[in-house]
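Colleague: Got a predicted structure here, sequence first:
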Protein chains: 2
Amino acid sequence: MLSNACQYAIRSILYLGMCSDEKHKVGVKTISEELEVPQPFLAKLLQQLNKSHLVTSTKGPYGGFYLSDENKEKTVWDIILVIDGTDKFSQCFLGLSKCGDDNPCPVHFTVSAFKNKIFKDFKDKTVAQFVEEIKEKGRYISLKKFDVLGAASD
Amino acid sequence: MLSNACQYAIRSILYLGMCSDEKHKVGVKTISEELEVPQPFLAKLLQQLNKSHLVTSTKGPYGGFYLSDENKEKTVWDIILVIDGTDKFSQCFLGLSKCGDDNPCPVHFTVSAFKNKIFKDFKDKTVAQFVEEIKEKGRYISLKKFDVLGAASD
DNA sequence: ATATAAAAAGATATTTTTATCCTAAATTAA
DNA sequence: TTAATTTAGGATAAAAATATCTTTTTATAT
């Protein structure tokens, strides 16, 4: 449903939301190792996310990526829009061109119930709110469980 | 979530379940037109489905594809297994390698609830049962609504 | 038997996605 | 101002998915 690129993007941004701020930028190398994703590919991706104002970067020593306050107000849906576009999500699970509530395929309502549920999270919650929830509930976005996080301090 | 190939395969088989039997075989051309799917690609796919005993075919004039009684006892999950394999379905929505009930990503439970629901349909119901339901509920698998179907009669 | 119709088989082509590499630009610290 | 570090940009490569084409085989009706 989501491309690799989009999964990487979401996880990177949530990771940066957990572990970075303007004073503690994180480099591609660290992110790629933490998330176990290919480094050069992720570099390109972060470049694109930067251009789309979903992450912020600075070059040079002590440079790297972080989320600005503006970045944190974006939603996961914004990320999906930039990387994958909206198409895959709006399409019928079985690929029917005219599937809809009034014209349902055999699995339409099962799928649309799911979509509505996940849309709610992806569209309504900001990245900041997502990050809060990850901390509260102790969810995983890398190999680490982030309720015990001390990674951003040094 | 499902590849084009897999969507085509499922829809083809449901279509054959609706419109064909041993006495009324359907050719690739007809199926591809009905489902709005590229013809040569579908031909390859049906070949593969035949080898996997999910559809039956005969060559020559009046030949074509249909579902044998044996074919009708297969499940949609069987189709998915043959075309896409099981991997995509078992993977975490965000691509986390170790996501699970005891190690959940931020959307794990939303996604797993959906998977359980759709698995139930895909694994428990036979193609024949699916076809019955499509007829009863008037669901769509091509451009046609199949509760008014007369396509298999001549 | 022969012509015909349809799937099977094998080869190839195109597109998309994923991934990598190399050089340039910018920033920082010394 | 220079060396080091890190992102940006552009080009390229590899893999997978999607799609097409051509020839062969099989079955049918006449």
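Modeller: Yep, that arrived.
Colleague: Packing partners of the helix or strand bottoming out on mean pLDDT in chain A?
Modeller: Between all helices and strands in chain A, the lowest mean by mean pLDDT, DSSP states H and E belongs to helix A:87-90, at a mean of 90. Contacting helix A:87-90 under the criterion 3 or more Cβ pairs under 8 Å, 6 or more residues apart in numbering or on different chains; DSSP states H and E is no other helix or strand. In this view, the C-beta of every residue, glycine as well, is placed from N, C-alpha and C.
Colleague: Name the nearest residue to A:Arg139, sequence neighbours excluded.
Modeller: Leaving aside its chain neighbours, A:Arg139 sits nearest to B:Pro106 (4.8 Å; criterion: Cβ to Cβ, 6 or more residues apart in numbering or on different chains).
Colleague: Show the contacting residues for the one you found.
Modeller: A:Leu14, A:Asp121, A:Phe130, A:Glu133, A:Ile134, A:Arg139, A:Ile141, B:Leu94 (Cβ atoms under 8 Å, 6 or more residues apart in numbering or on different chains).
Colleague: Can you say which of those residues are buried?
Modeller: A:Leu14, A:Asp121, A:Phe130, A:Ile134, A:Arg139, A:Ile141, B:Leu94 (16 or more other Cβ atoms under 10 Å in any protein chain shown).
Colleague: Quick check: the third one touching A:Met18?
Modeller: No - A:Phe130 is not in contact with A:Met18 according to Cβ atoms under 8 Å; the separation is 9.8 Å.
Colleague: Pull up the residues of chain A that are close to DNA strand D.
Modeller: Chain A comes close to DNA strand D at residues A:26-29, A:43-44, A:46-47, A:50-51, A:57-65, as judged by Cβ under 7 Å from any atom of the strand.
Colleague: Swap in 10 Å and give it another go.
Modeller: Residues of chain A lying close to DNA strand D by Cβ under 10 Å from any atom of the strand are A:25-32, A:39-51, A:55-66, A:95.
Colleague: Also within reach of DNA strand C: list those from the residues you listed.
Modeller: Okay, of those touching DNA strand C (Cβ under 10 Å from any atom of the strand), that's A:25, A:32, A:39-45, A:47, A:57-63.
Colleague: residue ranges of the strands in chain A, please?
Modeller: With DSSP state E, the ranges of strands along chain A come out as A:56-58, A:64-66.
Colleague: deepest of those, which one?
Modeller: strand A:64-66 (a mean of 22; mean count of other Cβ atoms under 10 Å in any protein chain shown).
Colleague: Is the least confident helix or strand of chain A positioned near DNA strand C?
Modeller: Yes - counting by Cβ under 10 Å from any atom of the strand, contacts between helix A:87-90 and DNA strand C involve A:Asp87, A:Lys88.
Colleague: what's in contact with that helix?
Modeller: Taking Cβ under 8 Å, 6+ apart as the rule, helix A:87-90 contacts A:Met1, A:Leu2, A:Ile80, A:Lys115.
Colleague: OK, contacts around the residue nearest the centre of chain A?
Modeller: Nearest to the mean C-alpha position of chain A, counting by Cα atoms, centre = their mean, stands A:Ile10 at 1.5 Å. Applying Cβ under 8 Å, 6+ apart to A:Ile10 gives the contacts A:Leu2, A:Val76, A:Ile79, A:Ile80, B:Leu94.
Colleague: Cross the residues you listed against helices and list the overlap.
Modeller: Using DSSP state H, the members of these that fall within helices are A:Val76, A:Ile79, A:Ile80.
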